[in-house]
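Visitor: the following comprises the amino acid sequence and a computationally predicted model.
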Amino acid sequence: MIIAQPKLNDIPIMREIVRPEVEKGVILERSVDVMANMIRSYRVAWEEQEVLEKKEFLDSNFGKLILENKPLSALNNPVMLGFCALHLHSTTLAEIRSLIVAPFAQRLGIATALIKDCQKEAKLLGVKEILVLTYKRTLFEKLNFIEISKDKIPNQKIWADCILCKHFPLCEEIALIKEI
């Protein structure tokens, strides 16, 4: 598996992967233009089609896809497995957004790899904390995120994004944060 920044022509595939969760109201919809504007914030997990077609590989490597340190161009027939974005709120706070893994690729450690990649990027940038609003509390707690009150989330986050959600103001997402 390789994690790399997407290209603008990857946006239609990204939107297709996230569409079911957007329809359920689990992830906020981002327009093509917004995604294009934020393209540098996204990171995408990829794997060779041939690797994914080998059932014995998936069975024997359940939860163990290996993250390779090579460019996306090294894959002959890449398949998008999932993606997320690292959004900077300030010089000290970033947020992991739109974390999604395609249904056929779930439970292979892809979400964890994407989260860790965001943490690495945030640390390189000098960010002190990473925030996430999620329904997947356990996933983030396993990676040492701790729950915080939503009252501690910066106002610009609440008004800029949360007001767009169909669940606002009756939000059931959990706010978690991690110092890095």
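Guide: Ah, there it is.
Visitor: following the chain past the helix ranked longest in the chain, name the next helix or strand.
Guide: Looking across the chain with DSSP state H, the single longest helix is helix 110-125. The first helix or strand that comes after helix 110-125 along the chain, using DSSP states H and E, is strand 129-134.
Visitor: need the next SSE after that following strand, C-terminal direction.
Guide: Heading C-terminal from strand 129-134 (DSSP H and E), you reach helix 137-141.
Visitor: helix/strand/coil for the closest residue in space to Leu99 that isn't next to it in sequence?
Guide: Nearest residue to Leu99, sequence neighbours excluded (C-beta to C-beta, 6 or more residues apart in numbering): Cys84, at 4.0 Å. (C-beta placed from N, C-alpha, C; glycine too.) Following DSSP: H, G, I helix; E, B strand; the rest coil, Cys84 is assigned to strand.
Visitor: make residue 1 into 448 and carry on from there
Guide: From this message on, residue numbering opens at 448, which makes the last subject Cys531.
Visitor: so who does Cys531 touch?
Guide: 489-490, 543-547, 561-562, 565 (C-beta atoms under 8 Å, 6 or more residues apart in numbering).
Visitor: hmm, try it at 10 Å
Guide: 450, 488-492, 543-548, 557-558, 561-562, 564-565, 579 (C-beta atoms under 10 Å, 6 or more residues apart in numbering).
Visitor: all set now, cheers.
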